[in-house]
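>>> Here is a sequence with its predicted model. Questions after.
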Number of protein chains: 4
Amino acid sequence: MKNSSAGIVGLGYWGPNVLRNLIDVDSFKDIYCYDVKQSQLEKNKKRYLSINPVKKYNDILSNDNINCVFICTPPQTHYKLARDALLHGKNVLIEKPMTVNVEEAEELIKISKKRSLKLMVGHTFEYSPAVEKIKEVIEKGILGDIYFISMTRINLGIHRKDVSVIWDLATHDLSILFRLINEMPHRISAVSNSFIKKGLKDVAFINLKYRSGTIVNINVSWLSPKKIRETIIVGSKKMLIYDDTKSDEKIKIFDKGVDVLKDPASFGEYQLTYRTGDIMSPVLEATEPLNIEISHFIDCVNDNLEPKTDGYCGLRVVKAVEAAERSSERDGEVIIVND
Amino acid sequence: MKNSSAGIVGLGYWGPNVLRNLIDVDSFKDIYCYDVKQSQLEKNKKRYLSINPVKKYNDILSNDNINCVFICTPPQTHYKLARDALLHGKNVLIEKPMTVNVEEAEELIKISKKRSLKLMVGHTFEYSPAVEKIKEVIEKGILGDIYFISMTRINLGIHRKDVSVIWDLATHDLSILFRLINEMPHRISAVSNSFIKKGLKDVAFINLKYRSGTIVNINVSWLSPKKIRETIIVGSKKMLIYDDTKSDEKIKIFDKGVDVLKDPASFGEYQLTYRTGDIMSPVLEATEPLNIEISHFIDCVNDNLEPKTDGYCGLRVVKAVEAAERSSERDGEVIIVND
Amino acid sequence: MKNSSAGIVGLGYWGPNVLRNLIDVDSFKDIYCYDVKQSQLEKNKKRYLSINPVKKYNDILSNDNINCVFICTPPQTHYKLARDALLHGKNVLIEKPMTVNVEEAEELIKISKKRSLKLMVGHTFEYSPAVEKIKEVIEKGILGDIYFISMTRINLGIHRKDVSVIWDLATHDLSILFRLINEMPHRISAVSNSFIKKGLKDVAFINLKYRSGTIVNINVSWLSPKKIRETIIVGSKKMLIYDDTKSDEKIKIFDKGVDVLKDPASFGEYQLTYRTGDIMSPVLEATEPLNIEISHFIDCVNDNLEPKTDGYCGLRVVKAVEAAERSSERDGEVIIVND
Amino acid sequence: MKNSSAGIVGLGYWGPNVLRNLIDVDSFKDIYCYDVKQSQLEKNKKRYLSINPVKKYNDILSNDNINCVFICTPPQTHYKLARDALLHGKNVLIEKPMTVNVEEAEELIKISKKRSLKLMVGHTFEYSPAVEKIKEVIEKGILGDIYFISMTRINLGIHRKDVSVIWDLATHDLSILFRLINEMPHRISAVSNSFIKKGLKDVAFINLKYRSGTIVNINVSWLSPKKIRETIIVGSKKMLIYDDTKSDEKIKIFDKGVDVLKDPASFGEYQLTYRTGDIMSPVLEATEPLNIEISHFIDCVNDNLEPKTDGYCGLRVVKAVEAAERSSERDGEVIIVND
């Protein structure tokens, strides 16, 4: 693939990470960069000598040598930039969230299909060794049926100016959730509020219910005094805790369960006994998820494969966020989600 | 008060704790005990020689020397037993939840008022030094306006046979919440399910919204691999974490906040800066909350005072649980709560 | 064994726990109790109706129906009380430390052997499921060769009046250590000091070295702001951490190791690579160690077996403490220990 | 100072960090770099375009425009490189440990004094906001008299090829200790062993005793399954725990203490009561210590000030390590240290 080049749009917060990994995987002839702020381009040019800053996005679109475009701009701009790139015949990797509404996401999928171009969404967590391991544990049936999942992603951090905490943080949990349970929840409700800046939700409690009965709670906030990144998964056989703030023991699998026994003394009354067992914390690879993600995108382009986090993955996260946003604007009303 | 005696009904799980503290405070001439299971009476008589087991509840009701009755039976029986006691002129302390529906709770309040008898609910956490300290911190304005509260009470423990996890565990959080914010939430919704025994909810995610905009999330379950007893309170000035599983540092107050600044370079755009500051963990007394609670009840009876956790406190918890139960049966529909 | 009775001396801090378990195992016809303080006897009689307080120790010694004596008095009195009991033909269980010097311990062993009586020391930790599990893990060779052990037992707690923190706390670690490595260390040194009460060491750092090369550090104090009960065992194959303050995950086994590789590029220089692997936390039984200990003593008496923590176990702990005390009085001088 | 230039020797593990900060503080006209391995120079040149690699150390020594030399090579080479630099009239910052024996350290101090050149040692921890804060807390008398200090620095990490774990890790603790207690300990003993590579100690337990009675334990290892960076300081008034692995709450100050009371009931016997109080965790600045250190060195050179971590600071750490090494080679024999 050293025959073709890459274009990257947006070198603000996340873009430089993508750029660093693009340089690192070393699969492109040249890397062209664009940002609306000239200062961002200069700053990155200083650090990474080999890159080629361009004056306008069109310089990337019109460059026939560029076959891959990486979009790392604010969410509102994703659709327009990605659409233009697809229409110029580029394969596209868009940062999460894919778009800010369902229509845009569907449109991008349609165009990419028509043109046989790769459209991938940067759901980085889906490439992390921890989430991969949890997926494997669930698929092997180790946890049994999934009863419920509780996800917490709170901290005192960057207050985004452009999108709510649901679009910013809950998208991570939703993409992880949909990787683990390959199905859309049926009902979504959310309660949230904007305490710091009017109209910009900075805390949200989201409830999801699946047709299977599985229920999920997602708790996100930018205002918490303590950084928590915890997912608790309770299954019929075992339980799992995934704590992403830990360097060791990110995942713990608990051999505990509940049995329903007949209590002979009480003429048919049931009695619950709780088995507790060993706790196991599997070792995880230390590879950077973003590196895996970018390599995977390049592989998909080169070998004509469907990306793991393709447009449909992006779409269902957008769909769920849209439902959660709508619910929270209606003060918690349940939104029915169509598959 | 050594002139009168006490009666206690129900010596199953919680009753013996009440009994032990009753003996300990040593304010009654005699303690009469009743339980439907003869074996429970015998077991306790063995341990506490001084108690007087009786054959039927009526032996307590008809004993004119008894002026206080402690009801520690399953929730469904609370109303009938408390009503009978009040009608026989006894002051009554009922274990939480006060009753299993609003009508029963209102009826008990009415009777107690009419007869000028004390009616108290055993919301033990409201007597704990930790909750008292948090109340004090909030009242002094140290946290500022309360933005949101996140409460988690999960573990792998006793699966109740009679009431759901909402009636069993969330009542604790609701009673704490109503102590801290002396007001009813306006909207309540809940998603829950019964995984182990049909019809008996064993996990629930409850969202509450106040008219003031404050939002609250309560997460309860009997099926979690990890015991968590955590309340995170985020205010406009400071934040607080209350971790009841800790022996030290149960409460931490975080001097962190968020400021909204004008960014002069960006012509009116706002910019958020985060102040972080010292963390303080106040020392707490080691007194057993149940002991404080029982002493308080006796003081109220002797000095004709209104109990801190009176019938109205019990009622509003029942009202909130009823709403949460109704919402979860309607798959998360928002229930509007009247004050 | 319900044919014979038990005597217990000393109902201060630890004695009541022994008494409670003695009542619980229910293997004796009667239990006779003695304490120099009449008040202690009365307090316990109130709680445990069935016990028989006696006026003087001789009432126990001269009672032919008593075949087992449990000594729970301050360490300085152990020798005299145990000697008298043995000379009156009683089997004896002495609380740790067995005696306050080597001569006394050796003398008690001699008498017990001569008279074919059981002499056991209450090294309770050696009966705990956690220590038993660690012993099993080491014996199966799971850790490989033991490189070093680091033991910390510090807290802000009861300041003993009679013995130093080495006699009080380090005896626990030494008894655990000698259970795990069935061999005496060759060299012992200790640095300590008495900060609160002159002559009463309240902090000590003890170093032990085995002939095999294994080294051990024991850190004990009554003055630490944080309660730590941690043992880190590093072996050639795996590592283990035992944290006795935890209710879950008391033991963790770390599949990590170090390999020595030849580095071909550097002409014979070695290079170390570190394998990291899964972490496993085995489930442990919840039985109270003291209950297991007392049952074991009774079994030994009934079935004429040698106790697991016999006089020799007690002796070697006393020997090690004596060496540590001597070293710390000589400001850290190394003491050579004879087997 | 932009009139003169800097030289840096050694771009292996630590050197690039020094280089990055040197570029960052931007106080030198040019930065000249030397490393025995050409590949290290090339790698860094790629990353930092502005630097000037040189062919031999002498190119730095003979460059009259260079007035500061930063030595980041293996410890054994420090003396020779620093001596040459001083003799060529350069101010010198040497990485820790300053030298590998006392004579070398003393010689460097002598030369620097004679030539009025700055000689500073890179004890980076002494520039960390955490250690600065602890120093301040102690100097204000908040902890009272220092009773004892327990320092643990263990992990499973890089196994150095050239120096023992004492030279590698304990130097950090010793430099922190000597910053906190401005005095040499009187007696040092150490027990250690080399489990992975013969002759290269990979675990050590070091005991130090001060003339004042203060005792210190330092526990270092490259073989531990868990990363611990903990210093516990117990004073007569308060206690402090410094946990360097934490991002929040690195320092906690415990308002706990011990009182000696007369027990009236026991005719002059003392009784200890423990006060527990609030716990405070002061906020710390987030500045990188190495940046502060390098800026400080430049200030000292420019304003002719004595560096905070001057040659004498370096010397006393070398002296203490030498004593610990000697003790551990004599199997724990106590070494008397002269001031």
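Yep, that arrived.
>>> what about A:Thr73, which helix or strand?
Using DSSP states H and E, A:Thr73 maps to neither a helix nor a strand.
>>> contacting residues for the residue nearest to A:Glu322 when sequence neighbours are not counted?
Of all residues beyond its chain neighbours, the one nearest A:Glu322 is A:Val102 (5.8 Å), with distances taken as C-beta to C-beta, 6 or more residues apart in numbering or on different chains. C-beta: built from backbone N, CA, C; applies to glycine. A:Val102 makes contacts with A:315, A:318-319, A:322, as judged by C-beta atoms under 8 Å, 6 or more residues apart in numbering or on different chains.
>>> Following the lengthiest helix in chain A in sequence, what is the next regular element?
When chain A is parsed with DSSP state H, its longest helix is helix A:311-329. The first helix or strand that comes after helix A:311-329 along the chain, using DSSP H and E, is strand A:335-336.
>>> Give me the residues contacting that following strand.
Applying C-beta under 8 Å, 6+ apart, the set of residues contacting strand A:335-336 is A:186-189, A:323-324, A:326-327.
>>> Sheet partners, orientation included, of that strand?
strand A:187-193 (antiparallel) (DSSP bridges).
>>> Would you mind writing the CA trace of the partner strand as CSV?
Coordinates of each C-alpha in strand A:187-193 appear next as CSV, following Å, rounded to 0.1, in the frame of the first residue of the first chain:
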residue,chain,number,x,y,z
ARG,A,187,-36.4,0.3,24.9
ILE,A,188,-34.1,3.2,25.9
SER,A,189,-34.8,5.9,28.5
ALA,A,190,-32.5,8.5,30.0
VAL,A,191,-32.5,11.2,32.7
SER,A,192,-30.0,13.9,32.4
ASN,A,193,-29.3,17.6,33.0
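>>> model confidence over stretch A:162-181, on average?
Predicted confidence along stretch A:162-181 averages 96 (mean pLDDT).
>>> still on that earlier bit, please indicate which of the contacts of strand A:335-336 are buried?
In terms of neighbour count (16 or more other C-beta atoms under 10 Å in any protein chain shown), the buried residues within those are A:186-189, A:323-324, A:327.
>>> got JSON lines for these, with distance to D:Ser175 and pLDDT too?
Output for those, formatted as JSON lines (distance: C-beta to C-beta, whole Å; pLDDT from 0 to 100):
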{"residue": "A:His186", "distance to D:Ser175": "61", "pLDDT": "96"}
{"residue": "A:Arg187", "distance to D:Ser175": "60", "pLDDT": "97"}
{"residue": "A:Ile188", "distance to D:Ser175": "56", "pLDDT": "98"}
{"residue": "A:Ser189", "distance to D:Ser175": "57", "pLDDT": "98"}
{"residue": "A:Ala323", "distance to D:Ser175": "57", "pLDDT": "98"}
{"residue": "A:Ala324", "distance to D:Ser175": "52", "pLDDT": "98"}
{"residue": "A:Ser327", "distance to D:Ser175": "57", "pLDDT": "98"}
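>>> Among those, find me the one that's closest to C:Cys72.
Closest approach between the buried ones among the contacts of strand A:335-336 and C:Cys72, by C-beta to C-beta: A:Ser189, at 60.7 Å.
>>> quick one on the thing from earlier: just the buried ones among the contacts of strand A:335-336 now: which is nearest chain B?
A:Ser189 (4.9 Å; C-beta to the nearest C-beta).
>>> Looks like the closest one contacts B:Val191 (just checking).
Yes. In terms of C-beta atoms under 8 Å, A:Ser189 counts as a neighbour of B:Val191; the distance is 7.3 Å.
>>> Pull up the overlap in contacts between these two.
The contact lists of A:Ser189 and B:Val191 share A:207, B:332, where a contact means C-beta under 8 Å, 6+ apart.
>>> Just flag the most distant two among the contacts of strand A:335-336.
A:His186 and A:Arg326 (15.2 Å).
>>> which stretches of the stretch 151-300 of chain A have low pLDDT?
Scanning the stretch 151-300 of chain A with the threshold set as pLDDT under 70 gives A:158, A:257-276.
>>> quick one, helices of it?
A:165, A:171-180, A:289-303 (DSSP state H, counting those that start in this stretch).
>>> need the ones you listed in a markdown table with distance to B:Ile196, can you?
Converted to a markdown table, the helices of the stretch 151-300 of chain A look like this (distance: least, C-beta to C-beta, whole Å):
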| stretch | distance to B:Ile196 |
| --- | --- |
| helix A:165 | 34 |
| helix A:171-180 | 22 |
| helix A:289-303 | 36 |
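>>> Nearest to chain D, out of those?
Nearest to chain D among the helices of the stretch 151-300 of chain A is helix A:289-303; the distance by C-beta to the nearest C-beta comes to 18.3 Å.
>>> So which elements touch that closest one?
Based on contacts counted as 3 or more C-beta pairs under 8 Å, 6 or more residues apart in numbering or on different chains; DSSP states H and E, the elements that helix A:289-303 packs against are helix A:15-25, strand A:66-71, strand A:91-95, strand A:119-122.
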